[in-house]
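Asks: just need the structure, nothing else, for what follows:
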Amino acid sequence: MQSVVDHSLKNFEAKYRYFAEQIDLMDSLFKATFSPLVRKERREKWRAEKKLERRSMDSRAVSAIISIYSLPRSRTHALK
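Replies: As a prediction, the model looks like this:
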């Protein structure tokens, strides 16, 4: 029974050591795979934020113009 435990522990130790030695390679592979996706996601998020800002600015500009250049609401105020 002890030989089975020793064998299992040796296998686990060897696998763990291999993993620890190769972690940098796996990390670089992970970054190479997902970094372009992250950059694309950031660009799309930035574009969406800018689009919302433009809409917000447009609506504020329209409301400011309306408040500055308010027109009479009834005919009684119309110029003759």
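Asks: how about low-confidence regions in the chain?
Replies: For the chain, the stretches with pLDDT under 70 are 61-80.
Asks: ok, now with 80
Replies: 32-40, 53-80 (pLDDT under 80).
Asks: do a quick rundown of the helices in it.
Replies: 2-68 (DSSP state H).
Asks: centre of the chain to stretch 36-51, how far?
Replies: Centroid separation for stretch 36-51 versus its chain: 6 Å, with CA atoms, centre = their mean, to the nearest Å.
Asks: ok, now stretch 33-42?
Replies: 9 Å.
Asks: CA-only coordinates of it, as PDB, when you get a sec.
Replies: Provided in PDB are the C-alpha atoms of stretch 33-42 (Å, rounded to 0.1, in the frame of the first residue of the first chain):
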ATOM      1  CA  THR A  33      -4.500  34.300 -27.300                       C
ATOM      2  CA  PHE A  34      -6.600  36.700 -25.300                       C
ATOM      3  CA  SER A  35      -4.800  40.100 -25.500                       C
ATOM      4  CA  PRO A  36      -6.200  40.800 -29.000                       C
ATOM      5  CA  LEU A  37      -9.700  40.100 -27.700                       C
ATOM      6  CA  VAL A  38      -9.200  42.400 -24.700                       C
ATOM      7  CA  ARG A  39      -8.000  45.200 -27.000                       C
ATOM      8  CA  LYS A  40     -11.000  44.700 -29.300                       C
ATOM      9  CA  GLU A  41     -13.400  44.700 -26.400                       C
ATOM     10  CA  ARG A  42     -11.800  47.900 -25.000                       C
END
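Asks: number of nearby residues for Phe34?
Replies: 11 (other CB atoms under 10 Å). Quick note: C-beta positions are derived from backbone N, CA and C, even for glycine.
Asks: cool, and the one 5 residues further on?
Replies: The tally of other residues near Arg39 (other CB under 10 Å) stands at 10.
Asks: need the contact list for it.
Replies: Applying CB atoms under 8 Å, 6 or more residues apart in numbering to Arg39 gives no contacts.
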